[in-house]
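>>> what follows is a protein structure lacking sequence information:
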Ligand SMILES: [Mg+2]
């Protein structure tokens, strides 16, 4: 017997922390997560996680928070794309090869060697091994000086014409300053567009993106329909203010995602 699987009618690309994952103590988020599972299945909406987490941490969130099962996982701030099927993730070698070509030999040793030659390097601490990859070198620093240190790193790489980008942020849970060194031009939006193209999807028509913070901004403003959750940071809300295709929800996290998905189902022209 052959089984025909209907293609997906639409795709939800969503950030995890602060967006899809229920906020601490928000019971409504937990209830709405179950509704989201039903909506995705009934309306044949595909699901892609788009997260700064490393891959194993993204996958660990599925049982931990009882999340719906994704078809794809974009992890490590857009530097890794993995297909998820039958409980296992397979990272896309073509994408990895493309990113390795961008960094052109700028591996962790070369990056650290360049940075140690600056006087501020002692303020940078390498993150744990599982958070590193050849395409994402990550450091901890004090939150107060994360911006200035990121700028120093940019200067170091610019002087050497290194094809690298420096992304800074503050971990909302621990308060740590975070600095990621990535292939130039690569971020969540870059990865989303690459995956959309690979799957034959039209980014502006077939995808809804949901997010809450600075590393979602490029994707939120890239022309697809977008959901900004109510608990998003003020800067993110200000950046998207007035954009027609962006829905800024008054609800938080999971509940905002569900609200946006329902609106998209009822009003496909909003997508
Ligand atoms: Mg987030």
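Perfect, thanks for sending it. Note that the coordinates shown come from a computational prediction; the quantities given were computed from them, not determined experimentally.
>>> how about the residues of the protein near the ion?
With the criterion set to C-beta under 5 Å from the ion, the chain comes near the ion through 15, 17, 18, 212, 213. Just so you know, the C-beta spots here come from the backbone N, C-alpha and C atoms, and that holds for glycine as well.
>>> of the residues you listed, which is the most crowded?
residue 15 (29 neighbours; other C-beta atoms under 10 Å).
>>> residues contacting the closest residue to that one other than its chain neighbours?
Nearest residue to residue 15, sequence neighbours excluded (C-beta to C-beta, 6 or more residues apart in numbering): residue 211, at 4.2 Å. Neighbouring residues of residue 211 by C-beta atoms under 8 Å, 6 or more residues apart in numbering: 14-15, 19, 50, 188, 217, 219-220, 226-229, 232, 236.
>>> again, only this time at 7 Å
15, 19, 219, 220, 228 (C-beta atoms under 7 Å, 6 or more residues apart in numbering).
>>> same check, this time on residue 206
Here residue 206 is in contact with 10, 11 (criterion: C-beta under 7 Å, 6+ apart).
>>> top helix in this protein by residue count?
Counting residues, the longest helix in the chain under DSSP state H turns out to be helix 27-42.
>>> measure stretch 212-219 end to end?
End-to-end span of stretch 212-219 (C-alpha to C-alpha, to the nearest Å): 11 Å.
>>> for it, what is the average pLDDT?
What stretch 212-219 shows for mean pLDDT is 91.
>>> then stretch 180-198?
Here stretch 180-198 scores 96 as its mean pLDDT.
>>> that one: which residues count as buried?
180-183, 186-196 (16 or more other C-beta atoms under 10 Å).
>>> same question for stretch 77-87.
For stretch 77-87, by 16+ other C-beta under 10 Å, it's 77, 78, 79, 80, 81, 82, 84.
>>> what about it, how long is it end to end?
22 Å.
>>> do stretch 168-183 as well
With C-alpha to C-alpha as the measure, what separates the two termini of stretch 168-183 is 14 Å.
>>> ok, and for that stretch, which residues are buried?
168, 169, 170, 176, 177, 178, 179, 180, 181, 182, 183.
>>> what do you get for stretch 65-74?
Using 16+ other C-beta under 10 Å as the burial criterion, the residues of stretch 65-74 that qualify are 67, 68, 70, 72, 73, 74.
>>> ok, now stretch 96-116?
96, 99, 102, 103, 106, 111, 112, 114, 115.
>>> switch those residues over to JSON lines; also include secondary structure and pLDDT.
As requested, the buried residues of stretch 96-116 are exported to JSON lines (DSSP: H, G, I helix; E, B strand; the rest coil; pLDDT from 0 to 100):
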{"residue": "96", "secondary structure": "helix", "pLDDT": "98"}
{"residue": "99", "secondary structure": "helix", "pLDDT": "98"}
{"residue": "102", "secondary structure": "helix", "pLDDT": "97"}
{"residue": "103", "secondary structure": "helix", "pLDDT": "97"}
{"residue": "106", "secondary structure": "coil", "pLDDT": "97"}
{"residue": "111", "secondary structure": "helix", "pLDDT": "96"}
{"residue": "112", "secondary structure": "helix", "pLDDT": "93"}
{"residue": "114", "secondary structure": "helix", "pLDDT": "93"}
{"residue": "115", "secondary structure": "helix", "pLDDT": "92"}
